[in-house]
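In: Structure for the following, please:
(chains A and B)
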Number of protein chains: 2
Amino acid sequence: MKIAVVGAGAVGAYHGVCLARAGHDVHFLLRSDYEIVRERGFEIRDRGNTFTVPVHAHKTPEEIGGCDLVLIALKTTANAQFPKLLPPLVGAGTTVLTLQNGLGNVEALGALFGAENVVGGLCYVTINRVAPGVIANLGGTRLWLGEGDGGAPRERTHALVKMFCEAGLPTEAKNSLEETLWKKLCWNIPFNGLAIAGGNIACDALLASPELVELSWILMREIQAAARSRGCEISDEHLQKQFDVTARCGAYLPSSLLDFRAGREVEIESIWGEPLRRGTANGVSMPHLETLYLLLKTLCRNREIRN
Amino acid sequence: MKIAVVGAGAVGAYHGVCLARAGHDVHFLLRSDYEIVRERGFEIRDRGNTFTVPVHAHKTPEEIGGCDLVLIALKTTANAQFPKLLPPLVGAGTTVLTLQNGLGNVEALGALFGAENVVGGLCYVTINRVAPGVIANLGGTRLWLGEGDGGAPRERTHALVKMFCEAGLPTEAKNSLEETLWKKLCWNIPFNGLAIAGGNIACDALLASPELVELSWILMREIQAAARSRGCEISDEHLQKQFDVTARCGAYLPSSLLDFRAGREVEIESIWGEPLRRGTANGVSMPHLETLYLLLKTLCRNREIRN
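Out: Numbers count the residues shown, from 1 in each chain, chains lettered A, B, ... in the order given. Sure thing, here's the model as predicted:
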């Protein structure tokens, strides 16, 4: 299968390399890491094993041309570039798969290429880009796929699941993509958000603050209500589990906090803005999320300006 | 009149010195500035004129003894010290006047000395303690007094108004102390709060952020609703005026932000906590204030710990 990987940060690079090693014809669209990856390939540090994988590196989508699968792992702050980056890669029969954070991505892609050609994926990973062209995977990976148009998984999505599994990436098809996205937001909205707005702190400091724990619960309840208004059920056990998992993470730094600290753009709209808009559009009151969203927007913009 | 000034920061020192210069028998209860004030008096820099005023400085309330008027200008974070500091100063016929920020102060004093003996005051000033024993007043002052038990001004309160005016401190009696306190909170809650939670920024940066301006409006509407539930009417014009006044202040640093930056205790409960509790106790929904309160509590505690 001919595959393009757009946005070869940690997630894109790791998944693309696994597919290349499984024998697929994988092409990486690169920007800042283009020179080093073209010369040396990707260096993968995978749970103790380090290996180097030569790959096809490209600077423009035209060089790659039409593909069977386009795997998108750009930061959502770059989604405005879809119309420029993607059309050369997409033809009749191309499946567009986004592994991006938060809400609004499958819809943006569906508007360009038809919702029926879009698949959304959600990955639970601990993968970092530790240097240009160097990717470290610290633990197991998990990938969930669902249809961009909200329907039950199509045959081609089951085929993608099989392909990822055969490439060593445990993957499942899910009946409701949006439900899985809302469930992940139960973590991302409070923990990414309060790590920044609660004083630029790691997860252990967040959990040590009774006020931030209280606020996390309140935010999760708002998310639960918004998800329900969209037909997605999130159990109380799922909410509790977010705290249990986080308690085991110690001084973990959420990815948005890393972006914030580095003065990079934070994925404000897909993680906080779009969930707020979907909930309120359905008449769900989300005032705590609104406050957090407004604070994050100004905190992150001022941080980027200073950087 | 024998007067004790408890808490001789900028506001207490300036008002006490004015009363002393007008011929009253004023005694200052001092802590950190005791030595320097006892030796040199207060140096007052008043709109271009600098003068030094020798005063009665004391280290304990027992040294001062019973007074006709006890003027309290402590930070509200020190209110737990009332039962230790105040009883030696208060006898039959003593009026206790608090010039402190926010809500809850007259009630705490009323519980100790009877609400009918408590007067609340609100000062609009630009007075700073620029060094130990040195107080700078940059502009005009305005003082509003009202009864601690919520009633119309008593005769002794009109007498206090006269006394302050004669000491060069323009003062008025107000029919509802609580209404004047809520009106001031329309400034303090958003501008002191968002200067901290919005990224440790001055008022001009706050007004330059569309998100923080939006959030200020939302917070003011919640305050307006809470005040209304307590029988206190705040007009929309009053809300708009807070923005107009602030726009003229340039890079002004709200007092809570100064406390925060210096790692001093911030007056969280009197400015944010007590208004939130009063509103919600009356069934008023204040979720944006709740979010701000919880964030400030953790931000300020972590800042104090680091300091």
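In: In this structure residue A:120 contacts residue A:105, no?
Out: Yes. Between residue A:120 and residue A:105 a contact is recorded at 6.8 Å, counting by C-beta atoms under 8 Å. C-beta: built from backbone N, CA, C; applies to glycine.
In: Tell me which of those two has more neighbours.
Out: Using other C-beta atoms under 10 Å in any protein chain shown as the criterion, residue A:120 and residue A:105 rank with residue A:120 on top: 29 against 24.
In: Name the residues of the helix or strand where that one lies that are buried.
Out: If you go by DSSP states H and E, residue A:120 is part of strand A:118-124. The neighbour-count check on strand A:118-124 (16 or more other C-beta atoms under 10 Å in any protein chain shown) flags A:118-123 as buried.
In: May I see the residues you listed organised as TSV, with distance to residue A:93 and pLDDT added?
Out: Formatted as TSV, the buried residues of strand A:118-124 follow (distance: C-beta to C-beta, whole Å; pLDDT from 0 to 100):
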residue	distance to residue A:93	pLDDT
A:118	13	98
A:119	14	98
A:120	19	98
A:121	19	96
A:122	24	94
A:123	25	92
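In: thinking again about what came up before, just checking: what are the partner strands of the strand holding residue A:120?
Out: strand A:95-98 (parallel), strand A:142-147 (antiparallel) (DSSP bridges).
In: among those strands, which is the most enclosed?
Out: Of all these, strand A:95-98 carries the top mean neighbour count, a mean of 25, counting by mean count of other C-beta atoms under 10 Å in any protein chain shown.
In: count of neighbours near residue A:67?
Out: 25.
In: quick one: it and residue A:94 touch, right?
Out: Yes. If you go by C-beta under 8 Å, residue A:67 and residue A:94 touch, sitting 6.0 Å apart.
In: just the strands in chain A please.
Out: A:2-6, A:25-29, A:42-46, A:49-53, A:56-58, A:69-72, A:95-98, A:118-124, A:127-131, A:134-137, A:142-147, A:171-173 (DSSP state E).
In: In contact with the residue nearest to residue A:257 when sequence neighbours are not counted, which residues?
Out: Of all residues not flanking residue A:257 in the chain, residue A:195 sits nearest, at 4.3 Å (C-beta to C-beta, 6 or more residues apart in numbering or on different chains). Going by C-beta atoms under 8 Å, 6 or more residues apart in numbering or on different chains, residue A:195 touches A:201-203, A:206, A:253-254, A:256-257.
In: which one of the buried residues of strand A:118-124 is nearest chain B?
Out: residue A:122 (27.5 Å; C-beta to the nearest C-beta).
In: how far away is that closest one from residue B:71?
Out: 62 Å (C-beta to C-beta, to the nearest Å).
In: And residue A:302, by the same measure?
Out: Relative to residue B:71, and taking C-beta to C-beta, residue A:302 is found at 40 Å.
In: and if you look at residue A:252?
Out: For residue A:252, the distance to residue B:71 - C-beta to C-beta - is 51 Å.
In: Show me which of the two is the more surrounded one.
Out: More neighbours surround residue B:71 than the other of residue A:252 and residue B:71, with 26 against 17 (other C-beta under 10 Å).
In: Where does the stretch 51-200 of chain A get nearest to chain B, which residue?
Out: Residue nearest to chain B within the stretch 51-200 of chain A (C-beta to the nearest C-beta): residue A:199, separated by 5.0 Å.
In: residues in contact with residue A:102?
Out: A:76, A:181, A:185, A:188, A:267, A:269-271, A:274-275.
In: at 6 Å instead, please
Out: A:270-271 (C-beta atoms under 6 Å, 6 or more residues apart in numbering or on different chains).
In: what do you get for residue A:297?
Out: A:268, B:211.
In: how close does it get to residue B:199?
Out: For residue A:297, the distance to residue B:199 (C-beta to C-beta) stands at 11 Å.
In: what's in contact with the strand holding residue A:120?
Out: Under the criterion C-beta under 6 Å, 6+ apart, residues A:95-99, A:106, A:109-110, A:142-146, A:148, A:157, A:177, A:180, A:184 lie in contact with strand A:118-124.
In: if we go to 7 Å?
Out: By C-beta atoms under 7 Å, 6 or more residues apart in numbering or on different chains, the surrounding residues in contact with strand A:118-124 are A:11, A:95-99, A:105-106, A:109-110, A:141-148, A:157, A:160, A:177, A:180-181, A:184.
In: Where does pLDDT dip in the stretch 151-300 of chain A?
Out: Of all residues in the stretch 151-300 of chain A, none has pLDDT under 70.
In: Show me which residues of it sit near chain B.
Out: Proximity of the stretch 151-300 of chain A to chain B, by C-beta under 7 Å from any C-beta of the partner chain, involves residues A:197-199, A:209, A:211-212, A:214-215, A:287-288, A:291-292, A:294-295, A:297-299.
In: Count the neighbours of residue A:54 for me.
Out: Residues near residue A:54, counting by other C-beta under 10 Å, number 12.
In: dump the residue contacts of it.
Out: residue A:41.
In: mind giving me the domain split of chain A?
Out: For chain A, automatic domain parsing gives the domain ranges A:2-175, A:179-306.
In: Now distance to residue B:132 too, for those domains, in TSV please.
Out: Converted to TSV, the domains of chain A look like this (distance: least, C-beta to C-beta, whole Å):
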stretch	distance to residue B:132
domain A:2-175	50
domain A:179-306	31
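In: how close does residue A:267 get to residue A:292?
Out: 14 Å.
In: Quick check: neighbours shared by the two?
Out: By C-beta under 7 Å, 6+ apart, no residue touches both residue A:267 and residue A:292.
In: Contact partners for residue A:82?
Out: A:108-109, A:112 are the contacts of residue A:82 under C-beta under 7 Å, 6+ apart.
In: What about chain B: which of these touch it?
Out: Okay, of those, nothing touches chain B (C-beta under 7 Å from any C-beta).
In: just the buried members of the residues you listed?
Out: Among the contacts of residue A:82, those buried by neighbour count (16+ other C-beta under 10 Å) are A:108-109.
In: Export the contacts of residue A:82 as TSV, with columns for pLDDT.
Out: What follows is those, written out as TSV (pLDDT from 0 to 100):
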residue	pLDDT
A:108	97
A:109	98
A:112	98
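In: Kindly indicate which of the contacts of residue A:82 lies nearest residue B:261.
Out: residue A:108 (41.5 Å; C-beta to C-beta).
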